[in-house]
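Enquirer: coords please:
(chains A, B, C and D)
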Number of protein chains: 2
Amino acid sequence: MLQYPQEEPDFGVALSTSLVLFGFDGSDLQVLLAKSKRAPYEGALFLPSRYIAADDDLMLSARKMFKQLFGYEDPAMIEQLQAFGKVFRHPGGRVINVAHYALVRKSDFQASNWDENDMQWIPFSEVPDLAFDHNEIVQYAKERLKRRVKRRPVGFGLLPDKFTLGQLQNLYEIALGKTFDKRNFRKKLFKTTLLIDLDQKADGRAAGQHKGSQLFSFNKEKYQKMKIQGYDFVF
Amino acid sequence: MLQYPQEEPDFGVALSTSLVLFGFDGSDLQVLLAKSKRAPYEGALFLPSRYIAADDDLMLSARKMFKQLFGYEDPAMIEQLQAFGKVFRHPGGRVINVAHYALVRKSDFQASNWDENDMQWIPFSEVPDLAFDHNEIVQYAKERLKRRVKRRPVGFGLLPDKFTLGQLQNLYEIALGKTFDKRNFRKKLFKTTLLIDLDQKADGRAAGQHKGSQLFSFNKEKYQKMKIQGYDFVF
DNA sequence: TCAAAAGTGTTGGGGGTACACCCATGC
DNA sequence: GCATGGGTGTACCCCCAACACTTTTGA
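Expert: Coordinates of the predicted model:
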């Protein structure tokens, strides 16, 4: 039969998932990486990864790993990237990596058992050579993030609840890889009417935040309503 | 170890791939579907699919299936969509479907052994309930196509070498799901300077083609050059 | 007092959208 | 002759890009 030329499926494959975790500390967009302790990649950095049991849901497995790392369940955004086949060959057979990416607010959690796994945040633009084919995955994730940032207000999921326009602009500039004029950037964002002016000024200096600058939050409810009515966020 | 909590990968999974094949006949964008002859989906339509051997490359498997169907190797565009996990459960175990999509020029090939497999082109907007989770895959493929059409000149890969502006407009309208003003559409396309006016008028009536209307072709070489110099096709 | 970021308006040009009529061809 | 699609120009508006100086705060 043309559609299924092999008589029987070949049940010799294992699944893994890697998570590309993007975090933002106010001035720097970063990717979470672990350090390998095993040959042949001893000492090299790689994406947090795990095997998926044969009967586990793909997305659920990715979410479980996320929870293990951060202690909470619902990242601002999590999505499958795609399946990567050119992974390292396990002696036991073929392993397919179904990679995901997620966005986290770095302000939302505290590192817990990361040290023992040698995990660290690496700036977006300085990701070194990684183990396995993880550079390819990170590259793909970056492209996906760019597309999403342009067409959906996902950027806000990376920021703390109260943020300054400076932080927001930093984020957009790093994610999209170009600079924007401050005045034009503000006009553009205000035009969406999705920013709530909190009538509050920053009283300390978080990363990328200037003491005394105006704080804003993102009007998620309004965005939901507008979306239903056909509004399309385009940056 | 946090990164790989299961000691060993679980080699009990099989891979399959489904192809979402988009074709265009000049007036209608279509998807290629086969008819199932087996329970529990007997009579239902589904995407052309095959199992992937455990040590086969994902993309290569998709290309092989493409060649089986069309007799030539290089579709205008072929890309992985993503892995779909909620596929039917084979009695032997878990099957993961790594779906792909491809664009074909319907003018480039002749149906061969399709009859015996009950394969047929179904209009883009009239895809019925499909077997397995294939509706989800088709839906995902449509979104991907929309994005690609907007940001790359992939539409031309669906058209015959010589096409009319009417055909091109049809294609864009169906793919993006909206209508365009004829004059504005032409202005926009001419502005790209990527259309070659063949100084030739259609002498018959292909689908969606009006006898006597001007024929154009796409200047692929010029596009390649412009792309290298940073040009970004945006429709 | 110096450095760094916040905050603030105007102008010009380009691109998008809206809009209507005549012509060529097939049936 | 009638229906269908081909082909053509103008006007307006909105959005984007370019552009510079003053103020606040921390060090």
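Enquirer: Angles on the backbone of the closest residue to A:P153 other than its chain neighbours, please.
Expert: Spatial nearest neighbour of A:P153, chain neighbours left out: A:F233 (4.9 Å); criterion: C-beta to C-beta, 6 or more residues apart in numbering or on different chains. Yep, even glycine has a C-beta here, placed from its N, CA and C like the rest. In terms of degrees, to the nearest 10, the main-chain angles of A:F233 are phi -70, psi 120.
Enquirer: can you count the residues close to A:F233?
Expert: 16 (other C-beta atoms under 10 Å in any protein chain shown).
Enquirer: is it true that it touches A:Y223?
Expert: Yes: applying C-beta atoms under 8 Å as the test, A:F233 and A:Y223 come out as touching, 7.2 Å apart.
Enquirer: Spell out which parts of chain A neighbour DNA strand D.
Expert: A:181-184, A:188, A:191, A:205, A:211-212, A:234 (C-beta under 7 Å from any atom of the strand).
Enquirer: Quick check: bridge partners of A:L195?
Expert: Judged by DSSP bridges, the bridge partners of A:L195 are A:F218.
Enquirer: and it, how far is that from chain B?
Expert: Plainly put, A:L195 is 27 Å away from chain B if you go by C-beta to the nearest C-beta, to the nearest Å.
Enquirer: hang on, the earlier thing: look up the pLDDT of the residue nearest to A:P153 for me, please.
Expert: Per-residue pLDDT puts A:F233 at 94.
Enquirer: any idea how far it lies from A:L145?
Expert: To A:L145, A:F233 is 15 Å away according to C-beta to C-beta, to the nearest Å.
Enquirer: can you check A:G93 too?
Expert: Taking C-beta to C-beta, one finds A:G93 at 32 Å from A:L145.
Enquirer: more crowded one of those two?
Expert: In this view A:G93 and A:L145 are compared by other C-beta under 10 Å, and A:L145 has more residues nearby, 23 against 13.
Enquirer: quick one, strands of chain A?
Expert: A:13-24, A:29-35, A:45-46, A:49-52, A:77-84, A:94-105, A:120-123, A:195-201, A:214-218 (DSSP state E).
Enquirer: Outline the domain layout of chain A.
Expert: According to automatic domain parsing, chain A comprises the domains A:13-151, A:153-228.
Enquirer: contacting residues for the residue of chain A found nearest DNA strand C?
Expert: Proximity to DNA strand C, evaluated over chain A using C-beta to the nearest atom of the strand, is greatest for A:G166 at 2.3 Å. By C-beta atoms under 8 Å, 6 or more residues apart in numbering or on different chains, the contact set of A:G166 is A:208-210, A:213.
Enquirer: what's the burial count for A:G26?
Expert: A:G26 - counted by other C-beta under 10 Å - has 21 other residues nearby.
Enquirer: ok, now how distant is it from DNA strand D?
Expert: Here A:G26 is placed at a distance of 15 Å from DNA strand D (C-beta to the nearest atom of the strand, to the nearest Å).
Enquirer: Now the common contact residues for A:F233 and A:Y223.
Expert: Common contacts of A:F233 and A:Y223, defined by C-beta under 8 Å, 6+ apart, comprise A:153, A:194.
Enquirer: Was I right to think A:E79 contacts A:V98?
Expert: No: in this structure, A:E79 is not within contact of A:V98 by C-beta under 8 Å, at 11.6 Å.
Enquirer: Please identify which of those two sits among more neighbours.
Expert: A:V98 (24 against 17).
Enquirer: ok so, going back, make TSV from the residues of chain A next to DNA strand D and add distance to chain B and neighbour count to it.
Expert: As requested, those are exported to TSV (distance: C-beta to the nearest C-beta, whole Å; neighbours: other C-beta atoms under 10 Å in any protein chain shown):
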residue	distance to chain B	neighbour count
A:D181	20	10
A:K182	24	11
A:R183	25	8
A:N184	19	9
A:K188	18	14
A:K191	21	9
A:R205	33	12
A:K211	37	10
A:G212	39	10
A:V234	11	10
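Enquirer: Go through these and flag which are in helices.
Expert: Residues of the residues of chain A next to DNA strand D located in helices (DSSP state H): A:182-184, A:188, A:191.
Enquirer: Out of these, flag the one nearest to A:K201.
Expert: A:K182 (17.9 Å; C-beta to C-beta).
Enquirer: I figured the closest one was touching A:L168, is that so?
Expert: No: here A:K182 does not reach A:L168: they are 11.1 Å apart, not a contact under C-beta under 8 Å.
Enquirer: Which residue is the nearest non-sequential neighbour of the closest residue to DNA strand D within chain A?
Expert: Of all residues in chain A, A:G212 sits closest to DNA strand D, at 3.2 Å by C-beta to the nearest atom of the strand. Leaving aside its sequence neighbours, A:G212 sits nearest to A:K201 (C-beta to C-beta, 6+ apart; 5.2 Å).
Enquirer: What are the neighbouring residues in contact with the one you found?
Expert: A:211-215.
Enquirer: same check, this time on A:K142
Expert: By C-beta under 8 Å, 6+ apart, the contact list for A:K142 reads A:F124.
Enquirer: Quick check: longest helix in chain A by residues?
Expert: helix A:134-151.
Enquirer: how distant is that helix from the center of its chain?
Expert: Taking the mean of its C-alpha atoms, helix A:134-151 sits 9 Å from the chain's own mean (C-alpha atoms, centre = their mean, to the nearest Å).
Enquirer: where does A:S112 land on pLDDT?
Expert: pLDDT, read off for A:S112, is 60.
Enquirer: pretty sure A:R152 contacts A:Y231?
Expert: No: A:R152 lies out of contact with A:Y231 (C-beta under 8 Å); the separation is 11.2 Å.
Enquirer: which of those two has more neighbours?
Expert: A direct count of neighbours by other C-beta under 10 Å for A:R152 and A:Y231 places A:R152 higher, at 17 against 14.
Enquirer: okay, and for chain A, where does confidence drop off?
Expert: Confidence mapping of chain A against pLDDT under 70 gives the ranges A:1-7, A:87-89, A:107-116.
Enquirer: Tell me how far A:K86 lies from chain B.
Expert: Counting by C-beta to the nearest C-beta, the gap from A:K86 to chain B is 8 Å.
Enquirer: ugh, typo on my part, it should be A:K227
Expert: 16 Å.
Enquirer: and that residue, how many neighbours?
Expert: Neighbour count for A:K227, taken as other C-beta under 10 Å: 13.
Enquirer: Leaving out sequence neighbours, find the closest residue to it.
Expert: Counting by C-beta to C-beta, 6+ apart, the residue nearest A:K227 is A:F233, at 7.8 Å.
Enquirer: What distance do you get for that neighbour to B:Q139?
Expert: 21 Å.
Enquirer: cool, A:L168 as well?
Expert: Distance from A:L168 to B:Q139, by C-beta to C-beta: 32 Å.
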